[in-house]
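K.L.:
Please find the sequence and the predicted model below.
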Amino acid sequence: MISSELFSLAESALGASDPGDLHQRLLDLALRQSGAGTSELLHKGRMIARCTGAAPRECVESSQQVFHFRILEEDWSLKLEGGRDLDADFVGGARVVLQAISLQDALKRARFDTRFHLWELEVIRSIAANIKHLDEPEKLAGELLGHLIALLGVRGAQVYLGDGEKPAAGLGEEILSPDERRKARDQALIEETRMAIPLGSTENLGLLVLAEKEARSGIEAFADQDRRLVELFALQMTVALEYAAFARKSLERDRLERELQVAATIQRHILPQEPPKLPDFEIVARSKPCLHVAGDTFDTIECGEDLVLAITDVSGKGVGAGLIASGIHAGIRLLLGEDLYLSDLTARLNSYLCGATDDNRFATFAMARISKDGRLWAVNAGHCPILVRKRNSEVHQIVSSGLPLGIMDLGGYRSEELQLENGDLLLLYTDGFTEAENPEGEEFGLSRVIETLERTPGGAEVAADALFNAIDDYAEGRALADDATLVVVEYRG
Amino acid sequence: MNEIQISISHELLPEQIGLVSAQGYINNDGGQAVADAVRTLMGQGSRRILVDLKGTTIINSIGVSILLEIMETLMKEEGRLAFANLTPTIEKTFEIMGLNQFASIHRSRDEALNSLLGR
């Protein structure tokens, strides 16, 4: 019985059978029922199955029967060439079969769509959970682009980072010309088969380009929901790239911080930890740097029975200044072994520094040597005046006799000589003292340094305390703009 | 830059195991190429098919739907389908899209072959 076969067919359709096979079986039943020559099934006007029977040619050409069905908002037609008229029961049964096939197909599509939405959600989740290539933006962009290609089903995709002209990641040939890319970085490009979305919320971080969305029948236009998905991904990429840039900057800051700490440690170890203990001298050396690595450095060296003191202030601040200052003091220690006059030693340091600095850095420098019997030799290369406070509080200045080190290799530094007496005080210091500012922006100045020395009787320790307290009081709690360093020696011979 | 072209090969192994190796983008064209290879192997009598996706990093929704059809065709013939060498992303996609319900997923080709041979 044909009707029982129709019911069996409908039952099969509600199972998970191949619809292509079901279409063919329906057409075969129609042929057998009508004795027609051919039967065809049309879906939305397009033939999707055809069956040929054994009816005579004249019969085929004699008549045509077409039955139209509207199932789940879609048009279906059953077309027969020749044969007997199909009765209403068969046509009703055929409708049930087609409904069953359509329902099964719709159910399958709905299941696929539901799973596809789960896939979309999983991708969004995995992007958020696995942004693991923060230090490799190309890898990060490639990973995100791979997800988007998969979900959108495009044949071409590229992501450009920053102003880059070459894609950081991509699939297929480049979609946009350089000129089109330039325009798309300012204004998103939305076309039927091409899309380009700029990346970056406040600055240009790159460009996301996609083209040719696939369909089973070829290429189809991007739908609104595709555009929304691309925009969502562009936002994800922007967040990831901005976060990556932030993390890189933060890492760089940490690295610099560590380098500064290492440089500061090295500098502390190059410079004397403790001044030498000599019976004829009370020595105090202190520095108050305004950055981790000081541009100011000092040295106190025992040289036979003599005491050698040096102080340097390199222009600029930070690691570069600190390294130059440390280099000068290493040079002093080496050159002291050659038993040079201070003026010659200073000239040699100047020659060295003129060839060693490639920018406009220079260093002011002052150095003194005191023998056991109180003879003082001192040289000043562009530095603050060396001060000698006599026992009667009178202050003598040893001013600069040449350019700071590192400017021009002219030499010609002059060494001054003085005789110290018991209780005399020698002060080497940097411009952190003279240039300390009060809240009104006025500098402390050399005269206040001298006044402080004059009105503070006592030894090296007392003088050092007085000077640091004086500039702190003067600045009224404001931070120093420059390093402040001093070396004070009281001669007790 | 990834190439859109897929590189595909197939062979019939002992005991009628069909092996398809696909490397590249599994989209419409790539999926059809895999389906053609499976059909050829089924034509040679194979009902146990191993699809090795080593070197495949992206599969799109059309590629997934074609693989689902391959799976259905094999199920109708009471055959078996196994996948090997999936990237973690593709494996997750297969799980979500239901490809792991009737096809088995394996880390290596050998593991998949042993499974198809019932070892």
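P.N.:
Cool, the structure landed.
K.L.:
quick one: residue A:211 and residue A:194 touch, right?
P.N.:
Yes: at 4.6 Å, residue A:211 counts as touching residue A:194 under the criterion of Cβ atoms under 8 Å. (Glycine included, C-beta is placed from N, CA and C.)
K.L.:
Mutual contacts of those two, please.
P.N.:
By the contact definition Cβ atoms under 8 Å, 6 or more residues apart in numbering or on different chains, residue A:211 and residue A:194 are jointly contacted by residue A:175.
K.L.:
and whichever helix or strand residue A:225 is part of, what does it pack onto?
P.N.:
In the assignment (DSSP states H and E), residue A:225 maps to helix A:224-270. Contacts defined by 3 or more Cβ pairs under 8 Å, 6 or more residues apart in numbering or on different chains; DSSP states H and E place helix A:224-270 against helix A:88-129, helix A:137-152, strand A:194-199, strand A:206-215, helix A:318-336.
K.L.:
what angle separates it from strand A:206-215?
P.N.:
Angle of helix A:224-270 versus strand A:206-215, following axes from the mean of the first three to the mean of the last three Cα atoms, to 10 degrees, is 150 degrees.
K.L.:
quick revisit: residue A:488 is nearest to which of the helices and strands packed on helix A:224-270?
P.N.:
Closest to residue A:488 of the helices and strands packed on helix A:224-270, according to Cβ to Cβ: helix A:318-336, at 18.2 Å.
K.L.:
Just the CA trace of that closest one, in CSV.
P.N.:
The C-alpha trace of helix A:318-336 is given here as CSV (Å, rounded to 0.1, in the frame of the first residue of the first chain):
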residue,chain,number,x,y,z
GLY,A,318,70.8,59.4,36.4
VAL,A,319,72.8,56.4,35.3
GLY,A,320,74.9,58.1,32.6
ALA,A,321,76.1,60.9,35.0
GLY,A,322,76.8,58.3,37.7
LEU,A,323,78.9,56.2,35.4
ILE,A,324,81.0,59.2,34.2
ALA,A,325,81.6,60.3,37.8
SER,A,326,82.6,56.7,38.8
GLY,A,327,84.9,56.6,35.8
ILE,A,328,86.6,59.8,36.9
HIS,A,329,87.2,58.5,40.4
ALA,A,330,88.6,55.2,39.1
GLY,A,331,90.9,57.4,36.9
ILE,A,332,92.1,59.4,40.0
ARG,A,333,93.0,56.2,41.9
LEU,A,334,94.9,54.8,38.9
LEU,A,335,96.7,58.1,38.2
LEU,A,336,97.7,58.7,41.9
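K.L.:
Need phi/psi at whichever residue of chain B sits closest to chain A.
P.N.:
Closest residue of chain B to chain A, Cβ to the nearest Cβ: residue B:60 (3.8 Å). Dihedral angles of residue B:60 (phi, psi; degrees, to the nearest 10) stand at phi -100, psi -180.
K.L.:
so it touches residue A:148, yeah?
P.N.:
No: the pair residue B:60 / residue A:148 is not scored as a contact, 10.1 Å apart, by Cβ under 8 Å.
K.L.:
intersection of neighbour lists for the two?
P.N.:
Applying Cβ under 8 Å, 6+ apart, one finds that residue B:60 and residue A:148 are jointly contacted by residue A:154.
K.L.:
for the residue nearest in space to the middle of chain B, what are its contacts?
P.N.:
Nearest residue to the geometric centre of chain B (Cα atoms, centre = their mean): residue B:51, 2.9 Å. With contact taken as Cβ under 8 Å, 6+ apart, residue B:51 is in contact with B:20, B:22, B:34, B:38, B:67, B:81, B:82, B:83, B:84.
K.L.:
Thanks a lot, catch you later.
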